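1. Quick one, what's the 3D model for this:
(chains A and B)
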Amino acid sequence: MSRRRFLETVAKSGGQSFLFGSLFVNTALLKLPQAGADAKSRAEAEIGKGVIYGFVVDTTKCIGCGSCVRACRAENNVPDGYNRTWVEQYTFYPDGEVFVNSPNGGEDGFAEALPTRNRPSGAEQAPMRGFFVPKLCNHCIDTPCIQVCPVGASFKTDEGVVLVDHERCVGCGYCVQACPFGSRFIDPRSHTAGKCTWCHHRVTKGLLPACVVSCPADARIFGNVSDPESTISRILATNRVQVLKSYLGTRPRTRYIGLDSEVI
Amino acid sequence: MRHAGHFVRLLALVAIAAVGFLFVRSQVIPKDFGVKGHYRLSAVSDEAAREPRHLGSEACAECHDDIAAEWTAGKHTTPQCENCHGPGLMHVKKVSDDSTAGYPDKILTQYENAINRGTGIHECRWCHLKTFERPSTLKSIASVEKHIALRKGTFTPDTKCTDCHNPHTAIAK
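-> Presented below is the predicted three-dimensional model:
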C-alpha cells in the first residue's frame, strides 16, 4: 500500500465513522421526551392522582373586554403597570404582517377604530383577520422559574400551582428573567416576585379564580384535570388543545384552544 | 507527639465553626422548610389564607334583591355584578361595620362606599365597541357618537349609554 493510498483510506473511514457517529447522536436525540408532547394525553395521565388543577383558555371565545384583567387586579391587589394576566390583540394584514397589541394589558378594553395601515406601495389595507389571546402564568410542570430561585421562595404545590413565598423571596429577579412567558414581575411595593396563583386562595375555598368568574364569554375554564367528570377534563378530551412555546419543554398546565402559530 | 497541640487547636476551631454554622442554620431556616420540597410548607397555607374579594352575584343579591331580580330576568346575565361594579368585599366591610383597616386598596379611596356605582358609559365600552377581532354576534357599535347620530340623537359630553339602555337587563328604556 502506497503512502497516498493509505492516507486516502484513513481519511475516508474517518469521515464515515464521523458521519455514523453523528447519525447515532441524532437518533439518541430523537429518543428524548418530546418537548411538545400532546397536552391531552398528559391530562389523561393525571387522572385519579388527587386534585390537580388545570386551566384552558379558549381563544376563539375571547372578546377582549379585559374583565379578567380588572378582576385579577382587584382580587390580588396587583400594582398599577404590572399584570398577572393580560390580553393580547393579534391583527393580521393581507401583506403577511402581524401586529400584536396589549394597551395597559387590555385593562381598558381595545381601540374602537379598525386599524388600517399602508402597504409599502402606499395603498391603504384593512386587516384580514384577528383574535384575542388572554395570557397568564402557565404553571409549568418543569418550571424554569422554580429551578433558578436561590432561596427556595418559588415552589409548586401538590395541586400543580406555582406559588411565591413572599416571606422568603429576596426580590433578586432571577425568576422574572427565567420565565419565558413574562408571567412574573417584581412588585415595587414589597420588592418580592408577583405572579398569577390561579387564585390559590379562592380555589382552595371551593371558588373559581377571579378571572374565570368574571369572563362573560366563557373563554377561561378552570378545574380539576384529575377528575374525568369535571368540565375541564371533558373540554380537554373533546378539543384540540395547544400550549405556548411547547419547544421549550416547560410542559405548561395552561392549555389553549384555537392557538395560532403566530402567537408567541 | 510534641506537635499535638497544633492539631487540637485546629480541630477545636473547626468544631466551633461547625457548631456555629449549625446554630445559625437552625435559626435562619424555618422549621417546616424542606418537608415536602425545597420550600417553606406553611407558605401554602399563608397563600390560601388570603380573603377572596370577589363575593359573587349571589352575595350581592342578599341586599340588592330588587336589582338582582331585574338582572336575572333580563338579557344581560353573562357579566356578573362585580364585572362592572368591582369586587364586593370592600363595599360589604365598609357599609356593615367599617372594618376596612389594613386594606391598602385603592378601591377604598376611589369610590364612595368602596363600590363603583357605574359611569353608565365607560363600563359598556369594554365589551360593546366594535373591533375587528370581536364576533359579529356580539352587539357592538363603532363609536358612541356614530351610534347616537344613527339614532337621530344629539351627542353631548354628558351622554351616557344608560340614558337609553338599562344596563341590568340590556333592554332599551
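
2. going forward, measure contacts between C-alpha atoms and count neighbours the same way
-> OK.

3. Who are the contact partners of residue A:117?
-> If a contact means C-alpha atoms under 8 Å, 6 or more residues apart in numbering or on different chains, then residue A:117 has A:124, A:125, A:126 as its contacts.

4. Could you verify my assumption that the second one touches residue A:119?
-> Yes - under the criterion of C-alpha atoms under 8 Å, residue A:125 is in contact with residue A:119, at a separation of 6.6 Å.

5. Per-residue pLDDT of the residue of chain A found nearest chain B, please?
-> When distances are taken as C-alpha to the nearest C-alpha, chain A reaches nearest to chain B at residue A:201, 4.0 Å away. For residue A:201, the model assigns a pLDDT of 95.

6. What are the buried residues along the top helix by length along chain B?
-> Secondary structure assigned by DSSP state H gives helix B:4-28 as the longest helix of chain B. Buried residues in helix B:4-28, counted by 16 or more other C-alpha atoms under 10 Å in any protein chain shown: none are found.

7. quick one: is it near chain A?
-> No - contact between helix B:4-28 and chain A is absent, the nearest approach being 10.5 Å (criterion: C-alpha under 8 Å from any C-alpha of the partner chain).

8. What is the subsequent helix or strand relative to the helix or strand of chain A with the lowest mean pLDDT?
-> Evaluated with mean pLDDT, DSSP states H and E, the helix-and-strand set of chain A has its lowest mean pLDDT in helix A:39-45, which scores a mean of 51. Beyond helix A:39-45 on the C-terminal side, the first helix or strand identified by DSSP states H and E is strand A:53-58.

9. which residues touch the very next helix or strand once past that following strand?
-> On the C-terminal side of strand A:53-58, the nearest following helix or strand under DSSP H and E is helix A:67-76. Residues external to helix A:67-76 that are found in contact with it (C-alpha under 8 Å, 6+ apart): A:78-79, A:83-87, A:105-107, A:210-212, A:214-216, B:52-54, B:83, B:86-87, B:107, B:126.

10. Equivalent analysis for stretch A:229-244, please.
-> Applying C-alpha under 8 Å, 6+ apart, the external contacts of stretch A:229-244 come out as A:38-40, A:43, A:54-56, A:221-228, A:251-259, A:263-264.

11. Tell me the buried residues in stretch A:150-166?
-> Neighbour-count burial for stretch A:150-166, counted by 16+ other C-alpha under 10 Å, picks out A:152-157, A:159-166.

12. Return the closest of those residues with respect to residue B:95.
-> The shortest approach to residue B:95 among the buried residues of stretch A:150-166 belongs to residue A:166, at 31.3 Å (C-alpha to C-alpha).

13. State the next helix or strand along the chain beyond the lowest-mean-pLDDT helix or strand in chain B.
-> Of all regular secondary-structure elements in chain B, judged by mean pLDDT, DSSP H and E, the least confident is helix B:106-110 with a mean of 74. For helix B:106-110, the following helix or strand on the C-terminal side (DSSP H and E) is helix B:122-128.

14. Check which residues of that next one are buried.
-> Going by neighbour count (16+ other C-alpha under 10 Å), the buried part of helix B:122-128 is B:123, B:124, B:125, B:126, B:127, B:128.

15. ditto for stretch B:144-154
-> Applying a neighbour-count criterion of 16+ other C-alpha under 10 Å, the buried positions in stretch B:144-154 are B:144, B:148.

16. could you give the mean pLDDT of it?
-> The pLDDT scores in stretch B:144-154 average 87.

17. picking that back up, when you check chain A, which of the buried residues of helix B:122-128 turn up near it?
-> Intersecting the buried residues of helix B:122-128 with the surroundings of chain A, defined as C-alpha under 8 Å from any C-alpha, gives B:125, B:126, B:127.

18. how about the residue nearest to the first one when sequence neighbours are not counted, what does it touch?
-> Closest residue in space to residue B:125, ignoring its immediate chain neighbours: residue A:109 at 7.4 Å, by C-alpha to C-alpha, 6 or more residues apart in numbering or on different chains. Under the criterion of C-alpha under 8 Å, 6+ apart, the contact list for residue A:109 reads A:64, A:65, A:66, B:125, B:126, B:127.

19. Redo these as TSV? Include pLDDT and distance to residue B:160.
-> Output for the contacts of residue A:109, formatted as TSV (pLDDT from 0 to 100; distance: C-alpha to C-alpha, whole Å):
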residue	pLDDT	distance to residue B:160
A:64	92	22
A:65	92	19
A:66	93	21
B:125	89	11
B:126	91	14
B:127	90	15
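
20. Kindly indicate which of the residues you listed lies nearest residue B:159.
-> Within the contacts of residue A:109, proximity to residue B:159 (C-alpha to C-alpha) peaks at residue B:125, which comes in at 13.2 Å.

21. what's the spacing between the closest one and residue A:130?
-> 19 Å (C-alpha to C-alpha, to the nearest Å).

22. quick check: domain ranges of chain B?
-> Per the record, chain B has its domains at B:53-117, B:119-173, by automatic domain parsing.

23. Format those as TSV; extra columns: distance to residue A:237.
-> What follows is the domains of chain B, written out as TSV (distance: least, C-alpha to C-alpha, whole Å):
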stretch	distance to residue A:237
domain B:53-117	25
domain B:119-173	26
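
24. mind listing what residue A:121 touches?
-> Neighbour list for residue A:121: empty [criterion: C-alpha under 8 Å, 6+ apart].

25. Secondary structure class of it, three-state.
-> Residue A:121 carries the three-state label coil when classified by DSSP: H, G, I helix; E, B strand; the rest coil.

26. next one: residue A:222
-> Quick answer, by three-state DSSP: residue A:222 is strand.

27. hey, what's the nearest residue to it once chain neighbours are set aside bridged with?
-> Nearest in space to residue A:222, with sequence neighbours left out and distances taken as C-alpha to C-alpha, 6+ apart, is residue A:55 at 4.6 Å. Here residue A:55 sits in beta bridges with residue A:222, residue A:254, going by DSSP bridges.

28. Check whatever residue of chain B ends up closest to chain A and give its pLDDT.
-> Proximity to chain A, evaluated over chain B using C-alpha to the nearest C-alpha, is greatest for residue B:48 at 4.0 Å. The pLDDT attached to residue B:48 in the predicted structure is 93.
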